[in-house]
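Undergrad: have a look at this fold, sequence not included:
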């Protein structure tokens, strides 16, 4: 399954998946959890931009190459 997470200024603004999935986003700053189900979409991930911040570039690279490991690594 492919997962594409769009983040704008530290806020998740969109989550796309290649098949239906239950997604949980945890905000550790305010201890708030949001859970929702995504709808399957045809997806094409764009290559990461070298002008992105280092953290965004690393995260995008990890998700594209090993999404399951990246999810657990970044889950907290």
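TA: Cool, got the structure. Being a predicted model, the structure only gives us computed values, none of them experimental.

Undergrad: shaky segments in the chain?
TA: Across the chain, residues meeting the criterion (pLDDT under 70) sit at 40-76.

Undergrad: what about the helices in the chain?
TA: Counting by DSSP state H, the chain has helices at residues 54-65, 67-73.

Undergrad: quick one: the strands in this structure?
TA: Here the chain has its strands, by DSSP state E, at 3-8, 11-17, 21-27, 32-38.

Undergrad: most neighbours per residue, which of the ones you listed?
TA: strand 3-8 (a mean of 15; mean count of other C-beta atoms under 10 Å). Yep, even glycine has a C-beta here, placed from its N, CA and C like the rest.

Undergrad: end to end on stretch 1-17, go ahead and measure it.
TA: Length of stretch 1-17, first residue to last, C-alpha to C-alpha, to the nearest Å: 7 Å.

Undergrad: isn't residue 17 up against residue 36?
TA: No: here residue 17 does not reach residue 36: they are 11.1 Å apart, not a contact under C-beta atoms under 8 Å.

Undergrad: partner residues bridging residue 32?
TA: Taking DSSP bridges as the rule, residue 32 bridges to residue 27.

Undergrad: all further residue positions should be reported with the first residue as 59.
TA: All right, first residue 59 from here; so that's residue 90.

Undergrad: how much space between it and residue 83?
TA: Applying C-beta to C-beta, to the nearest Å, the value for residue 90 to residue 83 is 9 Å.

Undergrad: over to residue 77?
TA: In terms of C-beta to C-beta, residue 77 sits 18 Å off from residue 83.

Undergrad: ramachandran coordinates for the closest residue to residue 97 other than its chain neighbours?
TA: Sequence neighbours aside, residue 78 is the residue nearest to residue 97 in space, at 6.5 Å (criterion: C-beta to C-beta, 6 or more residues apart in numbering). Main-chain torsions, residue 78, degrees, to the nearest 10: phi -50, psi 140.
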